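Participant: Okay, here's the prediction I keep looking at, along with the sequence it came from:
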Amino acid sequence: MNQKGFVSLCLVIWAPLFLTILSYGLWMVWLINQKHQLNNLCHHHLLKSQQALVDGNNRLLLHNPKALALILEKRNLDRLILTSPPPVKAAALLKRKRVLAQQIKLSLLQKNIIKTHKELSKSWAQKLRLNLHRALRKRSEFFQGDKNILAQVRVRWSISRIKIKFRDKASTYQRGTNHALAQTMSANWSIPLQSVTPPWLSPFVKNKNNWLGSCQTHPDSSGGLKWYAAIGGGKVLSRPLSSL
């Protein structure tokens, strides 16, 4: 066999293997790039969801001074009503009604803040679930056409960890212990790997293999691409109500 024939034989033997390895390598690069895009999508929605709670908590805490002032004023009026003569008591009762009306108005405002920002935060979590499904289906259709896939997407939304400090008609609020860690939000997804595999590489991918991904707002022991959301510091009352 001459040299030209030997080269031709090598090309016939090794060319398919070389093209397969090249295709597999390019597919892996594509897959890694898609994973980064999904991570960015996930982080964007989780940050928006987290920020909605942060903004709501901050707005709620801004009303603490007024809520505390009304609580203290009502307490002082209650003392006057119990210990004062009738003329003073009558004036105190009238003033107490006005304070109570202000508390009711403030309480409605507080409840509206909590409800509004909770719904906004939840809406971003729901958008994440919907957009992840769409993104995974789009990536599957890139290679598999209109083939239906069974993508599993789970979003773990966390309620606001702010809590009542002094309960009254219009309460004061504070952040719970370790509230930043307690408000962790996360998402994970799983899709059959064959649904994003080119047909010519399908024999090299097992049916049971899944493409897994996840992101969350706080780091955990598993490592990986994790980040902290800006929960906010908040303010505390300068003196305890029980000592007044």
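Facilitator: Right, received. Where do you want to start?
Participant: which residues does residue 78 contact?
Facilitator: residue 96 (Cβ atoms under 8 Å, 6 or more residues apart in numbering). C-beta: built from backbone N, CA, C; applies to glycine.
Participant: By mean pLDDT, which helix or strand of this structure comes out lowest?
Facilitator: Lowest on mean pLDDT, DSSP states H and E among the helices and strands of the chain sits helix 179-182, with a mean of 73.
Participant: which outside residues touch the following helix or strand past that one?
Facilitator: Following helix 179-182 in sequence order, the next helix or strand is strand 186-192 (DSSP states H and E). Contact partners of strand 186-192, identified using Cβ under 8 Å, 6+ apart, comprise 38, 42, 45-46, 128-129, 132, 136, 140, 149-156, 207, 209-217.
Participant: Could you export the least confident helix or strand of the chain as PDB, CA atoms only?
Facilitator: Presented in PDB, the C-alpha positions along helix 179-182 are these (Å, rounded to 0.1, in the frame of the first residue of the first chain):
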ATOM      1  CA  HIS A 179     -33.700  36.800  59.300                       C
ATOM      2  CA  ALA A 180     -31.300  37.100  56.400                       C
ATOM      3  CA  LEU A 181     -30.500  33.300  56.400                       C
ATOM      4  CA  ALA A 182     -34.100  32.400  57.200                       C
END
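Participant: Tell me the helices and strands packed up against it.
Facilitator: Helices and strands touching helix 179-182, by 3 or more Cβ pairs under 8 Å, 6 or more residues apart in numbering; DSSP states H and E: there are none.
Participant: How far does that helix sit from its chain's centre?
Facilitator: Here helix 179-182 is found 12 Å from its chain centre; the criterion is Cα atoms, centre = their mean, to the nearest Å.
Participant: got the buried residues for that helix?
Facilitator: Buried positions in helix 179-182, judged by neighbour count with 16 or more other Cβ atoms under 10 Å: 179, 180.
Participant: same check, this time on stretch 156-171
Facilitator: Within stretch 156-171, the residues that count as buried by 16+ other Cβ under 10 Å are 157, 158, 160, 161, 162, 165, 166, 168, 169, 170, 171.
Participant: Export these as CSV, with columns for pLDDT.
Facilitator: Below are those laid out as CSV (pLDDT from 0 to 100):
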residue, pLDDT
157, 87
158, 83
160, 83
161, 81
162, 87
165, 93
166, 93
168, 94
169, 94
170, 95
171, 96
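Participant: Tell me the one among these nearest to residue 86.
Facilitator: The nearest member of the buried residues of stretch 156-171 to residue 86, counting by Cβ to Cβ, is residue 169 at 26.0 Å.
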